[in-house]
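1. how would this look folded up:
(one chain, ligands or ions: 1)
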Amino acid sequence: MSEEQTTHFGYQTVREEEKAGRVRGVFTSVASRYDVMNDVMSAGIHRLWKDAMMDWLAPRPGQELLDVAGGTGDVSFRFLKRAGHGHATVCDLTEPMLVEGRKRAEAERLGDSLDWVVGDAMALPFPSNSFDVYTISFGIRNVTRPEKALEEAYRVLRPGGRLMVLEFSQIPNDLMQRVYDLYSFNVIPAMGQLIANDRDSYQYLVESIRRFPDQETFLGMVRDAGFENAKYRNLTMGVACLHSGWKL
Ligand SMILES: C[S@@+](CC[C@H](N)C(=O)[O-])C[C@H]1O[C@@H](n2cnc3c(N)ncnc32)[C@H](O)[C@@H]1O
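-> Okay, here's the model as predicted:
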């Protein structure tokens, strides 16, 4: 296998063209338990992080959101509620995640403000300059080439549009990082086994978190994609991080 043709899937090395299929397998397997697992694994903290994302984003009435790797719709639902009125397109590689999201949208009577589209962050099925806001929450670390996803984000945003990325990150304090690693590598796969009957998917999850670039490196990638005024904010000491940028 030559260097250019391989990538990582957690701690495994796989061929680039294999990765999306493997990622789809993980999320197909966890889709029906995804929301409950998020609450259990993070003790509900992922909700606070998504709320912090909305605080910084400050959605405005009438805005059009593209929520890539949007899964079961958490970010889109929050966006629509904060904006008052607007439209959200949830785009995801894994159809069963969108199916779960659509059920939630119907229960919350938000169906008319949402579209659900199967698609890849690296080749978005949308014309250029068509959205006011692009979000990707806990999605970009699963993408085979995050740089390509950022390029696509830039393309589909209108001039004046905003990018916001929520992702796990690295804790700057070594001791805290070690405590967090102990929790994530020992507890999360075991919980995955217990609740979703799927240890391997949650093993991938914790490994993929450790493989993702740190805050400053990712900030450089956001800037390299063309975004201006790019900044980041750590959440919970850097366990997660928000990156923001503008297409000006
Ligand atoms: C951890 S879930 C995040 C879901 C949701 N955004 C949230 O914050 O709860 C990751 C999602 O990314 C999707 N995904 C992974 N790679 C993708 C890609 N290349 N393009 C689009 N979606 C992708 C998966 O199918 C999955 O639904």
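2. need the residues of the chain near the ligand, please.
-> Contact residues, the chain versus the ligand (CB under 6 Å from any ligand atom): 20, 23, 27, 68-71, 74-75, 92-94, 97, 120-122, 137-139, 142-143. C-beta coordinates here come from the backbone N, C-alpha and C atoms, glycine included.
3. Would you mind finding the longest helix in the protein?
-> Ranked by residue count under DSSP state H, the longest helix found in the chain is helix 16-30.
4. residues making contact with it?
-> With CB atoms under 8 Å, 6 or more residues apart in numbering as the test, helix 16-30 has contacts from 4-7, 9, 14, 34, 37, 71, 92-94, 96-97, 120, 142, 144-145, 192, 196, 198, 201-202, 204-205.
5. List phi and psi for the nearest residue to Gly86 once chain neighbours are set aside.
-> Once flanking residues are discounted, Gly86 sits nearest to Gln63: 4.8 Å by CB to CB, 6 or more residues apart in numbering. The phi and psi values for Gln63, taken as degrees, to the nearest 10, are phi -70, psi 150.
6. ok, Gln63 - contacts?
-> So Gln63 contacts 79, 83, 86-87, 132-133 (CB under 8 Å, 6+ apart).
7. May I see those residues organised as CSV, with neighbour count and distance to Arg211 added?
-> CSV is the format used below for the contacts of Gln63 (neighbours: other CB atoms under 10 Å; distance: CB to CB, whole Å):
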residue, neighbour count, distance to Arg211
Phe79, 26, 28
Ala83, 23, 34
Gly86, 20, 34
His87, 19, 34
Asp132, 19, 31
Val133, 22, 27
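8. And stretch 94-102, what's buried?
-> 94, 96-98, 100-102 (16 or more other CB atoms under 10 Å).
9. Could you list which of the residues you listed belong to strands?
-> Applying DSSP state E to those, no entry is found in strands.
10. Appreciated, that's everything.
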